[in-house]
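1. sequence and predicted structure below; questions after.
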Amino acid sequence: MKRLSGYYVFALVTLALPVLFPDNYYVTVVGVTVCTNIVLAVSLNLLMGYAGQISLGHAAFFGLGAYSSAVLTVRYGMNPWLAMTAGTMMVAALSYVLSRPILKLKGHYLAMATLGLGIIVHIFFVQADQLTGGPDGMSGLPALRLFGYPIDSDLKWYWVFSVFMLLSVLFSLNIAKSRAGRALAAVHGSEIAAQMLGVDTAKVKSHVFVFSAVLACITGSLFAHQQDFVSPESFSFFFSIELVTMVVLGGLGSTFGAVIGAVLLSLLPEVLIVFEDFEVLIFGAILMVIMIFLPQGLFVALEQTFFKIVRRKRKEPADAAA
Amino acid sequence: MDQLLQFLISGLTVGSIYALVALGFSIIYNASDVVNFAQGEFVMIGAMSAIFLLKDGLPYPVAAFCAISITVLVGLALDKLAIEPAKNATVVTTIIITIGASIFLRGAALLIWGKEIYGLPPFTGDQPITIGSATILPQNIWVMAGTAAAVMAVKYFFDRTLMGKAIMACSFNKKAAYLVGINVQHMLLVSYGLSAALGSAAGILVAPITFMTYGSGVMLGLKGFCAAILGGMGSSMGAVAGGLLLGLIETVGAGFISSGYKDAIAFFVIMLVLFIRPSGILGKAESERV
């Protein structure tokens, strides 16, 4: 109960927002983007933060989800849910096949391979224009229906995304405290030591890679239906980097760190837009300053400071009594 | 055969640029274990400064020299202001810092130079030279010769000069280097300056062939990173070999298979190489310490 109390507060706030502000642009429109980014950041954190395997190509799986939904429903008239399932199966299979050779690599070589994967998938979206509509992208996806009701307003989409996001966050929080999560932490600490303790490191890494890819893929499918438009631009190298930034900015290895990073990085452009041409410059500067002064990430740094204060508070009366 | 010669010429030209960028990557990596993702921005700053100094009426060699100096100053500032204060950061954190720096530099370039596309005039005319049925532009020769000279100079610096040897010592073991009296921080600063100089030289060499905008640094930087990895991170000559190889793969892929997929082919080959040799072509396998 106590372990998840932070989560319950977070869930309450997320679900209360649209009730309190049903017509607010920042809740229903920006809120959906924020939820999308949170799921992606949390899924990437499973791989990067928990298992310690860097990925610079996470946007590829997000994009594959979006494009498989778009292509299967628009070009082949498939039922949206069926298309989503087919896309997810495909990404699961692809990521499983790729996981072993890719995750055999370490450090910068792993960064390079995942970066390459992201760029290859992006180029495929641009070049296979018969299928994907090329750089112009494609639109006209059928509406997604849930229990017979079409999801056709910003507010309804907010509900879908927020529930999906909350489930992903819960899943990630629980994984950290499970046997699988401890195996991931062991792999992160030292692969050889983990092997000595009987952890099948290759299998553990491969599983978390597939999990993380599948989560991103489902998000992509939902994103495609919500936007009713997909184009290669949304799934570029830059977006992969943005996702990594979210995870690291909030605090690598902490689910709520990923959440905070995602919220911050989704809202920052909305705020910085008033600076017009200075936007890029300020964005870069903020990124550098946070990472230089809080290298463990915003959320983790705040958490540590908070606990330090609490501990001091508790200690003071004890000292006084003595 | 003639077609192959043409591919060889353009491949080696592009490859030379990648080689210089990759060399910059590997110098900084060797000295400080940091992968500097702002490396591509050095190329862009070098080229854009040269373009605008030339526009302001400076003679070509002076403009080029000033442009390299400006970039070196940027490189030194990057080390002093962003890398040095974050000394104890992890690898991923330093990667994000350099990415932040590259976004910052791009933002600054956007403010100073705007979004327009610019080019430099070729160093010495644009009369193509014909070899068989292949043609070569004077600028291609400049690029290859310039790269060769720069690589040789770097090799001489690391093999023969005291400072170069001191930097090598830092890359082997920082603490030991410090104990024998090497100023480690100073050496890091020098390697950032050197790396910036190489990047800007690459930018000035290539600007007459490909055009430049404030955003050109990104792809060049990525390709340089690929080349450095392909050769084996941390091996200088590996980086050069990786760069040339990457340029060749790209041109041959574009010529024989599809120009739209040329980058995809290059990345595909790199991934294959990594699957077979997980530490790059000339890299040494590392063992993990428990």
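-> Thanks, I have it. The model shown is predicted, which means the values in this text are computed figures rather than measured ones. Residues are numbered from 1 along each chain as shown, chains lettered A, B, ... in the order given.

2. contact residues of the stretch 201-322 of chain A facing chain B?
-> A:237, A:241, A:244-245, A:248-249, A:252, A:277-288, A:291-293, A:295 (CB under 8 Å from any CB of the partner chain). Backbone N, C-alpha and C define where each C-beta goes, glycine included.

3. how does it look with 7 Å?
-> Taking CB under 7 Å from any CB of the partner chain as the contact definition, the stretch 201-322 of chain A meets chain B at A:241, A:245, A:248, A:252, A:277-278, A:280-281, A:283-285, A:287-288, A:291-292, A:295.

4. which pair of those spans the longest distance?
-> Greatest spatial distance in those: A:L252 and A:D277, 32.0 Å, computed using CB to CB.

5. looking at the two, which is more packed in?
-> Legend: neighbour count by other CB atoms under 10 Å in any protein chain shown for A:L252 and A:D277, higher for A:L252 (26 against 11).

6. let's verify that one: helix, strand, or coil?
-> coil (DSSP: H, G, I helix; E, B strand; the rest coil).

7. and it, its phi and psi?
-> Main-chain torsions, A:L252, degrees, to the nearest 10: phi -60, psi 130.

8. who touches the residue nearest to it when sequence neighbours are not counted in this structure?
-> Using CB to CB, 6 or more residues apart in numbering or on different chains and skipping residues adjacent in sequence, the residue nearest A:L252 is A:G49, 4.5 Å away. A:G49 is in contact with A:247, A:252-254, A:258, counting by CB atoms under 7 Å, 6 or more residues apart in numbering or on different chains.

9. is the helix or strand hosting B:C226 anywhere near chain A?
-> Secondary structure assigned from DSSP states H and E places B:C226 in helix B:217-231. Yes: using CB under 7 Å from any CB, helix B:217-231 comes into contact with chain A via B:225-226, B:229.

10. which of those lies closest to chain A?
-> For the residues of helix B:217-231 next to chain A, the residue nearest chain A by CB to the nearest CB is B:I229; the value is 4.3 Å.

11. tally of neighbours for the closest one?
-> Neighbour count of B:I229, defined by other CB under 10 Å: 32.

12. just the pLDDT for B:L194.
-> What the model reports for B:L194 is a pLDDT of 94.

13. how many residues are close by it?
-> B:L194: 24 surrounding residues under other CB under 10 Å.

14. same check on B:I68?
-> Around B:I68 there are 23 residues (other CB under 10 Å).

15. distance check, it against chain A.
-> As judged by CB to the nearest CB, to the nearest Å, B:I68 and chain A stand 23 Å apart.

16. surely that residue forms part of a strand?
-> No: assessed with three-state DSSP, B:I68 is helix; it does not lie in a strand.

17. need the contact list for it.
-> Contacts of B:I68 by CB under 7 Å, 6+ apart are B:46, B:197, B:200-201.

18. near chain A too, which of those?
-> Counting by CB under 7 Å from any CB, the subset of the contacts of B:I68 that neighbours chain A is empty.

19. out of those, what pair is the most spread apart?
-> That would be B:G46 and B:A197, which, of those, are the farthest apart (CB to CB) at 8.5 Å.

20. how about the residues of helix B:217-231 next to chain A in a markdown table, adding pLDDT and distance to B:S236?
-> Formatted as a markdown table, those follow (pLDDT from 0 to 100; distance: CB to CB, whole Å):
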| residue | pLDDT | distance to B:S236 |
| --- | --- | --- |
| B:F225 | 90 | 15 |
| B:C226 | 89 | 16 |
| B:I229 | 88 | 14 |
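
21. in a markdown table: those, plus distance to A:M196.
-> Shown next, in a markdown table, are these (distance: CB to CB, whole Å):
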| residue | distance to A:M196 |
| --- | --- |
| B:F225 | 34 |
| B:C226 | 35 |
| B:I229 | 30 |
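
22. all strands for chain B, in order.
-> Secondary structure of chain B, counting by DSSP state E: strands at B:129-131, B:134-136.

23. of the ones you listed, which approaches chain A most closely?
-> For chain A, the closest of the strands of chain B is strand B:134-136, at 28.0 Å, according to CB to the nearest CB.

24. buried ones in the closest one?
-> Neighbour counts over strand B:134-136 (16 or more other CB atoms under 10 Å in any protein chain shown) mark B:134, B:136 as buried.

25. interface residues of the stretch 1-150 of chain A facing chain B?
-> Listed as neighbours of chain B in the stretch 1-150 of chain A under the rule CB under 7 Å from any CB: A:54, A:101, A:104-105, A:107-109, A:112-113, A:116, A:119-120, A:123-124, A:127.

26. among those, which two are most distant?
-> Spanning the widest gap among the residues of the stretch 1-150 of chain A next to chain B are A:G107 and A:Q127, at 30.6 Å by CB to CB.
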